Structures are given as structure tokens and as C-alpha cells.
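S.K.: no FASTA, just this:
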């Protein structure tokens with residue numbers, strides 16, 4: 001028996017066998033297998049490619065710092081609005097590596113510390129680290145606020161102010177960018193103040209721990225250090241738990257804010273996110289720099305290098321005052337809740353031992369007009385000043401990240417302290433940062449091939465099902481044609497001729513009913 005004689009049977013086997021495979025695959029089977037593969041790939045398991053990328057981020061991450069230089073420092077104590085000149089960016093390449101990694105199979109957790117190093121990039125920067133900038137005296141403003149919480153005696157407050165001004169302290173400071181950021185500037189006068197006999201006699205003043213080494217800088221002590229001990233979920237049990245923070249510095253809940261909702265450790269560490277993201281997904285990340293979690297929501301569909309992705313931004317309600325978002329009540333820094341009705345800023349005082357520091361979008365974008373009106377020189381722009389990150393929906397990979405944050409200090413006209421008495425109230429920006437990076441070309445290519453493969457499958461599966469149906473039907477037709485050909489080749493049977501002759505002679509049988 002030759003191949004041609006077997007062909008219809010082969011076609012039947014291929015057609016019906018292929019359909020038995022294709023039908024379940026076309027109606028959910030392929031997606032289930034693909035999701036299983038992605039779930040297996042997005043787990044933090046030692047020795048896997050995902051683990052290697054998670055342990056030490058292979059792509060360049062850059063920190064861009066823009067400082068607000070105050071151009072009228074002598075006028076501020078007399079009530080003038082601060083005039084701000086944005087300088088920079090000062091660009092630093094940032095490396096992140098997780099160390100002291102420990103696995104706990106029973107808890108499905110991984111413990112680690114994440115060490116950061118910063119390297120100045122002069123060719124990418126607009127300015128030098130030696131540039132001198134003038135900014136609000138953060139330490140003086142912070143101590144003034146703490147002093148008012150310590151006592152309401154005008155005499156003590158006035159004496160405190162006079163003691164600091166005799167030591168050379170003013171409402172503003174001028175230092176190099178390097179000192180402001182990493183090296184720190186001296187705050188020795190504040191440590192000496194705490195040891196003064198008269199101050200000690202009045203009671204204990206808790207000097208913020210950030211000042212105890214005699215220096216203060218926004219990132220002082222951060223270069224080559226870590227931001228605490230994390231314990232996160234590996235994602236082995238549930239894909240949606242991939243990278244989710246379980247504890248920080250041994251605590252599963254913080255003790256910084258007024259209530260448990262604000263003290264919860266929600267989301268990941270902000271480096272990785274879960275797979276299978278949709279427009280309805282709400283993402284969260286714990287940010288140790290401000291001792292709280294932030295919520296991110298879908299903004300729009302976009303593309304990065306031809307790869308479809310979803311753009312997420314900080315949820316607008318995160319920056320709302322408690323009148324618009326009552327859930328923010330426990331982040332309020334004041335006992336008087338009406339002080340927390342300003343939209344566009346959030347207090348981080350509890351993270352800095354009571355210092356009047358606030359976080360916002362750069363240039364107060366989206367905030368109440370009063371924030372911009374109390375200073376001069378801001379030009380809020382949505383594209384420049386609102387952060388975002390673009391995620392690949394299936395894998396959760398970050399294709400492009402641009403996280404933006406501005407740090408501000410609250411200037412209050414304390415009547416009992418001559419340095420502050422005539423100043424105008426303002427939320428004064430110190431600097432804003434943009435931290436971000438772009439996915440490497442190899443991973444982008446892999447994601448693009450994955451997306452192309454899925455598109456080809458979505459279209460091709462119907463073609464292949466149609467093709468297999470044609471093959472199966474073709475096999476049936478060939479078999480019927482062969483059977484008909486065999487009958488015609490052999491001719492009619494003799495008994496068929498006898499029956500025909502009898503019918504012609506005797507007519508049809510009695511019970512014959514003609515069919516028209």
C-alpha cells in the first residue's frame with residue numbers, strides 16, 4: 001500500500017488530532033500555559049535570571065537633582081517672598097545591590113539590605129558639585145519648630161533664638177551642592193545649644209538623630225549605605241505577592257504615624273512589580289525615605305521602543321488634604337486637623353523626628369495655588385514634573401521609570417523668635433529629584449518577541465484551526481470519492497439486474513408508494 005492510499009487517513013488523523021489539540025489551546029489553554037510560564041519566571045529563586053536581575057540591577061539608574069537657589073536671602077526675614085532659581089540638574093549614576101540575602105522557605109520570604117552608591121556624572125550635569133547655592137536653614141527652622149513644641153514661654157524662645165544667632169545662624173545657608181547633598185554642612189552650634197546649662201535646666205531637648213554627628217545633608221551618610229533591612233515575598237506561592245514587602249527593620253507595621261492604616265507596609269520596594277497588570281490594577285510601593293507607602297494608578301496606554309505598556313502615576317488622592325481624602329487623617333502632622341487640608345503636599349515630619357518637612361510634586365504641580373503664590377520662580381509643568389513608570393502588562397517589567405519628588409520646608413513666622421517674627425509664611429522648596437532608568441536593549445528585545453509571538457498566536461490560531469478543518473474534511477471527501485470510484489469500477493451486482501427486470505415485468509410491489 002503506497003503513501004497515496006494512506007493519504008486520506010493521514011489527513012483525518014492530522015486534521016482531527018490537530019483540532020483536539022488546537023480547540024482547548026485556542027479557547028484559553030495557550031494563555032494558561034503562558035501565564036504559568038510567566039509566573040514561574042517572575043519568582044525570586046536563587047540561580048534564575050530573575051534572581052540575578054533582582055539582586056543587582058544591571059541597567060544604569062540615574063538620580064537627577066535640581067536645587068532651588070534663593071536669590072534674595074536678606075529680604076526673607078523682613079517678609080519678602082523667597083525668589084527661587086532652579087539650578088542643575090546634578091546627575092549621579094546610582095548602583096543598587098542587595099546584600100546579606102537570606103531565604104526563609106517556611107515564610108516564603110527573602111531578607112536583604114539594599115546598598116546604594118552614587119557617582120557624579122559631570123558630562124550629564126548642568127553645573128558642578130562645587131556650585132554654591134543658598135537655601136533655607138533646615139536645621140534652624142527644624143529646631144525652632146521643636147522648641148515651640150517643647151515650650152510656649154516667649155522668654156525661652158527669644159533666648160534660644162539669640163543664642164543661635166550669636167553662633168552665626170541665620171534664616172538661610174549658603175553651601176556647595178556637594179555639601180547640601182552628600183558631605184553635609186556643620187550644625188555644631190545646635191549640638192552646643194543642647195548642652196548649654198540654661199537649656200538643660202529648662203528640660204531635655206531631643207536633638208534629631210540626623211544632627212548628632214555634627215553635620216547635616218539631604219543624602220549625608222547615604223552613599224555606600226543601605227536604607228534598612230527588608231523582608232519580601234518571593235512570589236513562589238502567589239504571583240501577585242512577587243516582591244511584596246513583609247517587614248522592614250524587623251517591623252511588619254510601622255510606628256511613625258497616628259493610625260495603623262498609615263503605618264502598614266503596602267506594596268513592593270519600588271524596584272519590581274507583580275506580573276499580569278491591567279488598567280484596573282492598583283500598585284503600591286514602600287518608600288523608606290519618607291517612611292510610608294505610595295499608591296499608583298493607571299494613567300494611560302503608551303509604547304516604549306515599540307513595546308506596548310501601561311503608564312502608572314502616583315494616585316492624586318495621595319497628595320490630597322484630609323478634607324478631600326479623609327483616609328489621609330493619620331498622616332497629619334498636627335493635632336489641629338485643619339492644618340492638613342492643603343492639597344498637593346504630604347507631611348513627612350514623623351519620618352524626620354518632627355522636622356517640618358513636606359513632600360510634593362516638583363514645582364507644586366497639582367497643589368493648591370497658595371503653595372505657588374507664597375514663593376516666586378516656580379513654573380509647574382505636567383510633563384516635566386509629574387513622575388511615572390511604564391510597565392509591561394504581562395511580565396510587570398519596568399520599561400521606563402521617572403520618579404519625581406520635591407522636598408520642602410515649612411517657614412513659619414514664630415513671633416517670639418526675632419529671626420522668624422517678620423518672615424512670611426511659606427512652603428519653601430529645597431530641591432527636587434528625579435530617579436529613573438530605562439530597560440536594557442536585550443530585555444526589551446525579549447519582551448518585544450514575546451508580544452509579537454502572542455499577536456501571531458491570536459491571529460494564527462484561527463488560521464490553523466481553519467486549515468485543520470480543511471485537512472480533515474479533505475480526508476473525508478477523498479475517502480468517499482475512492483469508495484464511489486470502486487463501486488463504478490466493479491459495476492452493478494447481478495442480483496441488482498434481476499430485481500430491475502422483475503420490476504419492469506410485474507410492476508412495483510403492492511405496498512409501493514410513489515414519491516414525487
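M.R.: On my side now, so go ahead. Predicted model only: the values in this text are computed from it and were never measured. Numbers count the residues shown, from 1 in each chain.

S.K.: and stretch 407-416, how far out from the chain's middle?
M.R.: 32 Å (Cα atoms, centre = their mean, to the nearest Å).

S.K.: before we move on, what about stretch 337-346?
M.R.: Distance, centroid of stretch 337-346 to centroid of chain: 24 Å (Cα atoms, centre = their mean).

S.K.: Same question for stretch 309-322.
M.R.: For stretch 309-322, the distance to the chain centre is 11 Å (Cα atoms, centre = their mean).

S.K.: Tell me, please, the helix or strand in the protein that averages the lowest pLDDT.
M.R.: When the helices and strands of the chain are scored by mean pLDDT, DSSP states H and E, helix 494-506 comes last with a mean of 55.

S.K.: wait, residue 297 sits on residue 282?
M.R.: Yes. The criterion here is Cβ atoms under 8 Å, and residue 297 meets it with residue 282 at 6.0 Å. To be clear about C-beta, it is placed using only N, CA and C from the backbone, and glycine gets the same treatment.

S.K.: start to end distance for stretch 307-321?
M.R.: Distance across stretch 307-321, first residue to last, is 37 Å (Cα to Cα, to the nearest Å).

S.K.: Just the buried positions in it, please.
M.R.: For stretch 307-321, a neighbour-count test (16 or more other Cβ atoms under 10 Å) marks 307-315, 318-321 as buried.

S.K.: Turn the residues you listed into a markdown table, columns for pLDDT and secondary structure.
M.R.: Below are the buried residues of stretch 307-321 laid out as a markdown table (pLDDT from 0 to 100; DSSP: H, G, I helix; E, B strand; the rest coil):
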| residue | pLDDT | secondary structure |
| --- | --- | --- |
| 307 | 88 | strand |
| 308 | 91 | strand |
| 309 | 92 | strand |
| 310 | 94 | strand |
| 311 | 94 | strand |
| 312 | 95 | strand |
| 313 | 94 | strand |
| 314 | 92 | strand |
| 315 | 92 | coil |
| 318 | 89 | helix |
| 319 | 90 | helix |
| 320 | 91 | coil |
| 321 | 89 | coil |
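
S.K.: just the strands in the stretch 1-150 of the chain please.
M.R.: 61-70, 84-104, 109-120, 132-136 (DSSP state E, counting those that start in this stretch).

S.K.: Highest mean neighbour count out of those strands?
M.R.: strand 61-70 (a mean of 22; mean count of other Cβ atoms under 10 Å).

S.K.: For that strand, which outside residues touch it?
M.R.: 76, 82-96, 118, 121, 124, 133-136, 172, 177, 180-181, 362, 377, 428-437 (Cβ atoms under 8 Å, 6 or more residues apart in numbering).

S.K.: Equivalent analysis for stretch 113-129, please.
M.R.: Residues external to stretch 113-129 that are found in contact with it (Cβ under 8 Å, 6+ apart): 62-63, 87-100, 176-178, 181-182, 219, 222-230, 269, 271.

S.K.: who touches residue 420 in this structure?
M.R.: Neighbours of residue 420 in contact, by Cβ under 8 Å, 6+ apart: 77, 144, 161, 171, 411, 412, 413, 414.

S.K.: got a markdown table for these, with distance to residue 57 too?
M.R.: Below are those laid out as a markdown table (distance: Cβ to Cβ, whole Å):
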| residue | distance to residue 57 |
| --- | --- |
| 77 | 45 |
| 144 | 41 |
| 161 | 47 |
| 171 | 41 |
| 411 | 38 |
| 412 | 41 |
| 413 | 45 |
| 414 | 45 |
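
S.K.: Looking at those residues, which are in strands?
M.R.: Mapping the contacts of residue 420 onto strands (DSSP state E) picks out residue 411.

S.K.: Of the contacts of residue 420, grab the buried ones for PyMOL.
M.R.: Those of these that count as buried under 16+ other Cβ under 10 Å are selected in PyMOL with:
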select buried, resi 77+144+161+171+411+412+414
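
S.K.: Which of the contacts of residue 420 fall in helices?
M.R.: 144, 161 (DSSP state H).

S.K.: out of the contacts of residue 420, what pair is the most spread apart?
M.R.: Spatially, the most separated pair among these is 161 and 411, at 14.6 Å (Cβ to Cβ).

S.K.: re earlier: overlap in contacts, residue 297 and residue 282.
M.R.: By Cβ under 8 Å, 6+ apart, the residues touching both residue 297 and residue 282 are residue 315.

S.K.: Residue 45: which of the contacts of residue 420 is nearest?
M.R.: Nearest to residue 45 among these, with distances taken as Cβ to Cβ, is residue 411, at 50.9 Å.

S.K.: Could you tell me what pLDDT the model assigned to the closest one?
M.R.: Looking at residue 411, its pLDDT stands at 94.

S.K.: How about residue 48?
M.R.: 76.

S.K.: Backbone dihedrals for it, both of them.
M.R.: With angles defined as degrees, to the nearest 10, residue 48 sits at phi -100, psi 160.

S.K.: Next, count neighbours for it.
M.R.: Number of residues near residue 48 (other Cβ atoms under 10 Å) recorded here: 14.

S.K.: And the helices in the protein, which stretches?
M.R.: So, for the chain - with DSSP H - the helices run 3-24, 30-41, 49-55, 138-150, 154-166, 177-178, 188-194, 197-202, 260-263, 369-373, 382-385, 418-421, 441-490, 494-506.

S.K.: Lowest average confidence across these, which one?
M.R.: helix 494-506 (a mean of 55).

S.K.: So which bits of stretch 449-457 are buried?
M.R.: By neighbour count on 16+ other Cβ under 10 Å, the buried set for stretch 449-457 is 450, 451.

S.K.: Any idea how far it is from the middle of the chain?
M.R.: 26 Å.

S.K.: who touches residue 224 in this structure?
M.R.: Here residue 224 is in contact with 115, 116, 117 (criterion: Cβ under 8 Å, 6+ apart).

S.K.: Can you name the residues that contact residue 168?
M.R.: Here residue 168 is in contact with residue 189 (Cβ under 8 Å, 6+ apart).

S.K.: And it, how far from residue 189?
M.R.: Residue 168 sits 7 Å away from residue 189, going by Cβ to Cβ, to the nearest Å.

S.K.: which non-adjacent residue is nearest residue 440?
M.R.: residue 59 (4.9 Å; Cβ to Cβ, 6 or more residues apart in numbering).

S.K.: If you could redo that for residue 242, that was the one I meant.
M.R.: In space, residue 242 is closest to residue 235, 3.2 Å off (Cβ to Cβ, 6+ apart).

S.K.: these two touch, right, the one you found and residue 44?
M.R.: Yes. Counting by Cβ under 8 Å, residue 235 does reach residue 44; the two are 6.2 Å apart.

S.K.: Identify the contacts common to the two.
M.R.: 242, 243.

S.K.: So residue 421 versus residue 482, what's the distance?
M.R.: For residue 421, the distance to residue 482 - Cβ to Cβ - is 108 Å.

S.K.: In terms of pLDDT, where does the nearest residue to residue 329 once chain neighbours are set aside sit?
M.R.: Nearest in space to residue 329, with sequence neighbours left out and distances taken as Cβ to Cβ, 6+ apart, is residue 322 at 5.0 Å. Here, the pLDDT recorded for residue 322 equals 89.

S.K.: ok, residue 322 to residue 333 distance?
M.R.: Taking Cβ to Cβ, one finds residue 322 at 11 Å from residue 333.

S.K.: Name the residues contacting each of these two.
M.R.: By Cβ under 8 Å, 6+ apart, the residues touching both residue 322 and residue 333 are residue 340.

S.K.: who are the neighbours in contact with the nearest residue to residue 113 once chain neighbours are set aside?
M.R.: Nearest residue to residue 113, sequence neighbours excluded (Cβ to Cβ, 6+ apart): residue 226, at 4.1 Å. Residue 226 makes contact with 99, 113, 114, 115, 116, according to Cβ under 8 Å, 6+ apart.

S.K.: I'm done for today, thanks for sticking with me.
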